[in-house]
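K.L.:
dropping the sequence and predicted coords here.
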Protein chains: 2
Amino acid sequence: MELEKVPKHEIENRIEKMQGFLKKEDIQGALISQCVDLFYFTGTFQRGFLYIPKEGSPFFMVQKSYERALNESPLSNIVEIKNSRHLPKMISDRGFTLNQIGMEFDVIPTNLYLRYKFIFKESDLVDISELIKKVRVIKSTYEIKQFERAAKIVDRVISKAKDFLKPGITEIELDGKLIGIGRALGHQGILRMRGFNQEMINIYVLSGKNGAYPSFGDTPLGGSGPSPAMGHGSSLKQIEKGEPIIIDYGVAYNGYIIDQTRLFAIGKLNDDLIKAYEVTREIKRDMEEKTRPGDKCYDIYKRAIDIAKKRGYEENFMGFGNNRVRFVGHGLGLEINEPPFIAKGISMEIEPGMVFAFEPKIVFPNIGAVGVEDDYLVTDYGVKPLTITPDDIFYI
Amino acid sequence: MELEKVPKHEIENRIEKMQGFLKKEDIQGALISQCVDLFYFTGTFQRGFLYIPKEGSPFFMVQKSYERALNESPLSNIVEIKNSRHLPKMISDRGFTLNQIGMEFDVIPTNLYLRYKFIFKESDLVDISELIKKVRVIKSTYEIKQFERAAKIVDRVISKAKDFLKPGITEIELDGKLIGIGRALGHQGILRMRGFNQEMINIYVLSGKNGAYPSFGDTPLGGSGPSPAMGHGSSLKQIEKGEPIIIDYGVAYNGYIIDQTRLFAIGKLNDDLIKAYEVTREIKRDMEEKTRPGDKCYDIYKRAIDIAKKRGYEENFMGFGNNRVRFVGHGLGLEINEPPFIAKGISMEIEPGMVFAFEPKIVFPNIGAVGVEDDYLVTDYGVKPLTITPDDIFYI
């Protein structure tokens, strides 16, 4: 179990960038405790607290597992902490002021927040979750490489799907087989999604009308899931000839998520569905050709909507009726819902080093859904696909 | 996709029990928004807000998906809500007081809490998460049936494991195959775990020394996972002859989780490991024979620890060194970390209708782990197993 570690210079660069933002916003220090953020800044996924001062050396106080943190993290200041009530003393003992402590308000639950208010009696607790997102949104060469490794696994899984896709197999059974293949190739087994009530699954296999079944999720396609308790994703429905079959598959490798959607059909697909699918490809090509650094997210979104409208799919684009979502893409990284959000009202500018999924999808109530999803790295000149699977319809 | 719904009387009983606790604690009303709690009290897994007043009819304000909520929930008052700022008016328009609003402080993130404080300017926000847990901890006949259905799937998966378990297969590959089998049988695909930094996976396949590899998780066995980014579970290690192989497999059916661990070996296992495994079975039998309603959780925990100590495994029981956990069992339901916690310092009394997993495990550093896990329903007279798989070592 010699695991591949995150390089030291990666961690150093990330912390330096975070300190830059802390200085800019004049925040004394960040006390990071969400495991994904901890992994990003320490190279190890443990429970604990990383204190990053505005200036000076960060130090990592670990609850569990201390041995593992020592083994995996390139940081030099790693200590054990038994109880979070020791935090103020541990921070001030190192010479740092307690008058202001930055925390991840987007994920820390209320009862923990109230406990920290009690523990840090003298301190002003402030939200630093947006600063962390700003650091994480620009990906390094190392991170791009991890996406590329994940993309290779997705490509292999999609190429195997035809071996199992036959009339009568249930969505959920195909789902399980494809997870198994991805797992054997090193898929970490879960896709992380940040925030309250966010729940991500590795794969959606949605055939025929299940592609148009809504869910609680902030996704264009929901799916019924096997029961109201699950509430999204693949169902117990058998897959039939002539239906649109959507396979939306995600793989995380060394933490980084690639998210891809392809359209399958057993036998023929009717012309209306093929026409709609071609429109989603047209929207994707338009984005690929026109997007440049400096573009605002809402402009990219608007270009997509305009094509959907011009082609007559305004009501069906990215969901139907009340269940439409107001985005056509989302950032990727250690979590599947990172910025940039290619969405209505989002003025964030696209910058080199950003990575995002673009997923134009068209939904026909009671019939199903068609669509495509690929992932892109923003370069100095435009965007470059990270996903490598051809995007023609896969006919079985 | 005609899904099996939660019966109306189930939902009515749950709400009535919650209202009983609200009356007892003199809390005006509960505004529930976590999706799992919403499913429990409405029968549908949507985003929205369920207001349960101390007295009177509850009403469900749905963000997404409204259609689906109407279709799946037996509640009669279901309305749409576009923005959470409308909550105070929607509640007071129905004649309820706003001076006190109960919320799930254990899961609502800080920035949402601060938003609710702003929206509910006149209200005192109070924590009702413990009351919800008290309602959920006693399971109904309907819920027990769902556990039994999940247990049948686990049993089928374990009986299939021997078909794939051969020298040289990686942990992660076997993991994926067994997920695939469970999924085809209706496994909902994820195991939900409540709270901050809690991350559950469907299966741990841990062979040899990976069984002793620590992780961030509050679990006796961690596993390295495939990378520091994943940080727990099955690894890329190949499974070999003569190693202890732990398969800890969970299935959720209609929401309810069964959690089972079995020990496998290819060829022989050395006598020390067999002896330790027999001690974990002894601890489990002792719990089965002696536990009665009215027992305190810490007493059950102590009986387990005492046997481990008497047999010479004090240092190895439930993890090793710093990575030991202070429990030997946990409640089950829609989430895998529900009360009762059979743990040090927990004075909760065992009551009929509670369901819990009991998982004595012994860890040998650099060698591996042995142990067993079964799930139990507390009856009027003792405990009754819900898991049905034999607990002998599975030799291949």
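P.N.:
Good, I have the coordinates.

K.L.:
got any ranges where the stretch 1-150 of chain A has weak pLDDT?
P.N.:
A:1 (pLDDT under 70).

K.L.:
what are the ranges of the helices in it?
P.N.:
Along the stretch 1-150 of chain A, counting by DSSP state H, counting those that start in this stretch, helices occupy A:8-25, A:35-42, A:66-72, A:87-92, A:110-119, A:129-137, A:141-164.

K.L.:
the first one vs chain B: in contact?
P.N.:
No - between helix A:8-25 and chain B, judged by Cβ under 8 Å from any Cβ of the partner chain, nothing touches; the nearest distance is 11.3 Å. Every residue, glycine included, has its C-beta placed from N, CA and C.

K.L.:
which strands or helices does that helix pack on?
P.N.:
Contact analysis of helix A:8-25 by 3 or more Cβ pairs under 8 Å, 6 or more residues apart in numbering or on different chains; DSSP states H and E lists strand A:29-32, helix A:35-42, strand A:47-53, helix A:129-137 as its packing neighbours.

K.L.:
now do 6 Å
P.N.:
Helix A:8-25 sits against helix A:129-137, with contacts defined as 3 or more Cβ pairs under 6 Å, 6 or more residues apart in numbering or on different chains; DSSP states H and E.

K.L.:
now the helix it packs on, how far from the centre of its chain.
P.N.:
Here the centre of helix A:129-137 is set off from its chain's centre by 14 Å, with Cα atoms, centre = their mean, to the nearest Å.

K.L.:
how near is A:Gly331 to A:Asn210?
P.N.:
As judged by Cβ to Cβ, to the nearest Å, A:Gly331 and A:Asn210 stand 27 Å apart.

K.L.:
the more surrounded of the two?
P.N.:
Comparing A:Gly331 with A:Asn210 by other Cβ atoms under 10 Å in any protein chain shown, the one with more neighbours is A:Asn210, at 27 against 23.

K.L.:
residues from the stretch 201-350 of chain A in reach of chain B?
P.N.:
Selection of the stretch 201-350 of chain A residues close to chain B by Cβ under 6 Å from any Cβ of the partner chain yields A:201, A:210, A:214, A:216, A:224, A:226-231, A:235, A:237, A:254-255, A:322-323.

K.L.:
I'd like to know which of these are buried.
P.N.:
Using 16 or more other Cβ atoms under 10 Å in any protein chain shown as the burial test, those include A:201, A:210, A:214, A:216, A:224, A:226-231, A:235, A:237, A:254-255, A:323 as buried.

K.L.:
domains for chain A, by residue range?
P.N.:
A:8-136, A:138-395 (automatic domain parsing).

K.L.:
show me the one of those domains that comes nearest B:Phe364.
P.N.:
domain A:8-136 (15.5 Å; Cβ to Cβ).

K.L.:
from the chain's centre, how far out does the closest one sit?
P.N.:
22 Å.

K.L.:
kindly check the end-to-end length of that domain for me.
P.N.:
End-to-end distance for domain A:8-136: 16 Å, by Cα to Cα, to the nearest Å.

K.L.:
same question, stretch A:317-327
P.N.:
End-to-end distance for stretch A:317-327, by Cα to Cα: 10 Å.

K.L.:
so which residues make contact with it?
P.N.:
If you take Cβ atoms under 6 Å, 6 or more residues apart in numbering or on different chains as the criterion, stretch A:317-327 is touched by A:214, A:218, A:220, A:308, A:341-344, A:362-363, A:365, B:65-66.

K.L.:
where does A:Gly189 land in three-state SS?
P.N.:
Classification of A:Gly189 by DSSP: H, G, I helix; E, B strand; the rest coil places it in coil.
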